[in-house]
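[1] Sequence and computational prediction follow.
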Amino acid sequence: MTTYLLAGGGTAGHVNPLLAVADAIRAREPDAVMIVLGTREGLEARLVPERGYELIFVPRLPFPRRPNRAAILFLPRFNRAVSDLAAVLRARKVDVVVGFGGYVSTPAYLAARRAGIPIAIHEANFRAGLANRLGAWLTTRVGVVFPGTRIRHGRVVGMPLRPEIQNLDRAGVRAEALRFFDLDPDRPTLLVTGGSLGARRLNGTAVESASALVAAGWQVLHITGQKSEVSDPGIDHYRMIEYCDRMDLALAGADFAVSRAGAGTVCELSALGIPAVYVPYPVGNGEQRFNAASVVSAGGGILIDDAAFLPAWVADELVPLLRDRPRVRAMGELAASVGGRDGAERMADLVGEALGRARGGVNPAIPGADA
Ligand SMILES: CC(=O)N[C@H]1[C@@H](OP(=O)(O)OP(=O)(O)OC[C@H]2O[C@@H](n3ccc(=O)[nH]c3=O)[C@H](O)[C@@H]2O)O[C@H](CO)[C@@H](O)[C@@H]1O
């Protein structure tokens, strides 16, 4: 019996690949003990127990950015978190730590190192985050999604997709999925999603463009994100929801998407052959746009800046595109050509390698990917 500790959390984009890998390992080893490490504040606090996995917490300890009281207290607190965690790893006889990046992962990597436990890492974003770049000094098992991601030992395993998305038969369940959302199975459907957090620009422009989209013969499933301030236009063929717990059904119903470029959403849309307009989140160092780069250059998506995603753009560019059904279908095929569905299995193989089991199904290291 093997005990796995999976560390990751924050937004759904960070939790879902972790759940997908946990599901893939559990399918192979029904008696595996699975412990998830997260924070109380992240979405994992709801999503992990719902999936039936044990969740334990570390305090949320972001790296200090300014010299203040919190910065002085950071090191002792962080050290304490690492020691406590190393003790948990020993007490629970954890065999391997699998980290997905973010605040939670750094103490997990260091505690694993202290307790002499092997580590495997998954990096979902094109631009690798700090926690994983640090962690990659402590292991050679580093799975990435995008060829070209620069991180030590990175090799492409793809995005772990939850089983209900990995095995989704879109055509088979499309009608039922649209009825689930109270939508018309006979209309083409535009999915609008700002990722797990929502996106103000997408919400505003989608609502203002509602009539034009419906007049083009489409219907809209608009996921606004929680606490969004946008109000429902209240017209026929336009359905607004805050957060969608059945993303598999939303994706089954979608013929086109307007989306942020979070790594998870980009990979789910591509894997299922859903073409999209990607509007990357405009802050940070613009890393979201890199997540969409491969599907966009394959012709399966269009990239547009947040500031340019306005109702006039929808009227002049998106509506004519949506009216051109053969073009929409062709874009879907091009999206599917870059999207893989076996990321969870390939990452589970990599975790197996970290445990010293036989290698299989994983690409060799990407030449030149070492930072
Ligand atoms: C602002 C921010 O920090 N964004 C990051 C965050 O995005 P975010 O959390 O939005 O993540 P992604 O786009 O990667 O994934 C969203 C996930 O949530 C699911 N979903 C979404 C909406 C919903 O109503 N229901 C639902 O289940 C989607 O199916 C998908 O699995 O993590 C991503 C993965 O590290 C990063 O690439 C993003 O840059």
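    Nice, thanks for sending it over.
[2] Arg200: what's it in contact with?
    The contact partners of Arg200, taken as Cβ atoms under 8 Å, 6 or more residues apart in numbering, are 194, 228-230. All C-beta atoms are positioned from the backbone trio N, CA, C, and that covers glycine.
[3] Write the PyMOL selection for whichever of those residues are buried.
    The buried residues among these can be selected in PyMOL (16 or more other Cβ atoms under 10 Å) with this line:
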select buried, resi 194+228+230
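[4] nearest to the ligand, of the contacts of Arg200?
    Nearest to the ligand, judged by Cβ to the nearest ligand atom, of the contacts of Arg200 is Gly194 at 7.2 Å.
[5] Switch the contacts of Arg200 over to JSON lines; also include distance to Ala216 and secondary structure.
    Below are the contacts of Arg200 laid out as JSON lines (distance: Cβ to Cβ, whole Å; DSSP: H, G, I helix; E, B strand; the rest coil):
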{"residue": "Gly194", "distance to Ala216": "22", "secondary structure": "coil"}
{"residue": "Ser228", "distance to Ala216": "24", "secondary structure": "coil"}
{"residue": "Glu229", "distance to Ala216": "26", "secondary structure": "coil"}
{"residue": "Val230", "distance to Ala216": "21", "secondary structure": "coil"}
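[6] what residues does stretch 74-83 touch?
    With Cβ under 8 Å, 6+ apart as the test, stretch 74-83 has contacts from 58-59, 61, 63-64, 107, 110-111, 114.
[7] The residue of the stretch 51-200 of the chain found nearest the ligand: neighbour count?
    Nearest residue of the stretch 51-200 of the chain to the ligand: Gly195, at 2.3 Å (Cβ to the nearest ligand atom). Counted by other Cβ atoms under 10 Å, the residues lying close to Gly195 total 22.
[8] Please identify which pair of the contacts of stretch 74-83 lies farthest apart.
    Using Cβ to Cβ, the two most remote members of the contacts of stretch 74-83 are Pro64 and Arg114, lying 22.1 Å apart.
[9] how far away is Leu6 from Gly299?
    35 Å (Cβ to Cβ, to the nearest Å).
[10] More neighbours: which of the two?
    Set Leu6 next to Gly299 and count neighbours by other Cβ under 10 Å: Leu6 wins out with 32 against 15.
[11] Can you classify the more buried one by secondary structure?
    Assigned state for Leu6: strand (three-state reduction, DSSP: H, G, I helix; E, B strand; the rest coil).
[12] So Gly217 sits against Val319, correct?
    No. The criterion here is Cβ atoms under 8 Å, and Gly217 misses it with Val319 at 10.0 Å.
[13] before we move on, the earlier item: the residue of the stretch 51-200 of the chain closest to the ligand is in contact with Arg260, isn't it?
    Yes. The criterion here is Cβ under 8 Å, and Gly195 meets it with Arg260 at 4.3 Å.
[14] Identify the contacts common to these two.
    Residues within reach of Gly195 and of Arg260 at once, by Cβ under 8 Å, 6+ apart, are Tyr281.
[15] tell me which element the residue positioned nearest the centre of the chain is part of?
    The centre of the chain sits closest to Gly264, judged by Cα atoms, centre = their mean, with a distance of 2.5 Å. Element membership for Gly264, per DSSP states H and E: helix 263-271.
[16] quick one: is that helix near the ligand?
    Yes. Between helix 263-271 and the ligand, judged by Cβ under 6 Å from any ligand atom, the touching residues are 263-265, 268.
[17] what does that helix contact?
    Counting by Cβ under 8 Å, 6+ apart, helix 263-271 makes contact with 12-13, 16-17, 124-126, 145, 158-159, 161, 165-166, 193, 195, 247, 251, 257, 259, 275-276, 278, 291-292, 295, 300-301, 335-336, 338-341, 343, all of which sit outside it.
[18] now for the helix or strand following that helix, which elements pack on it?
    Following helix 263-271 in sequence order, the next helix or strand is strand 276-278 (DSSP H and E). With contacts taken as 3 or more Cβ pairs under 8 Å, 6 or more residues apart in numbering; DSSP states H and E, strand 276-278 sits against strand 256-259, helix 263-271, helix 288-297, strand 301-303.
[19] how about these, which one is nearest Tyr243?
    So among the helices and strands packed on strand 276-278, helix 263-271 is nearest, using Cβ to Cβ, at 13.5 Å.
[20] need the next SSE after the lowest-mean-pLDDT helix or strand in the chain, C-terminal direction.
    Using mean pLDDT, DSSP states H and E, helix 69-91 stands out as the lowest-scoring helix or strand of the chain, at a mean of 92. For helix 69-91, the following helix or strand on the C-terminal side (DSSP H and E) is strand 96-99.
[21] Can you list the strands that that following strand pairs with?
    Take DSSP bridges as the rule and strand 96-99 pairs in its sheet with strand 3-7 (parallel), strand 119-123 (parallel).
[22] Point out the most buried one among those.
    Most buried of the strands paired with strand 96-99 by mean neighbour count (mean count of other Cβ atoms under 10 Å) is strand 119-123; its value is a mean of 29.
[23] related to what we said a few turns ago, would a markdown table of the strands paired with strand 96-99 with mean pLDDT and distance to the ligand be doable?
    Converted to a markdown table, these look like this (pLDDT from 0 to 100; distance: least, Cβ to the nearest ligand atom, whole Å):
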| stretch | mean pLDDT | distance to the ligand |
| --- | --- | --- |
| strand 3-7 | 98 | 14 |
| strand 119-123 | 98 | 9 |
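[24] how close does Tyr238 get to the ligand?
    17 Å (Cβ to the nearest ligand atom, to the nearest Å).
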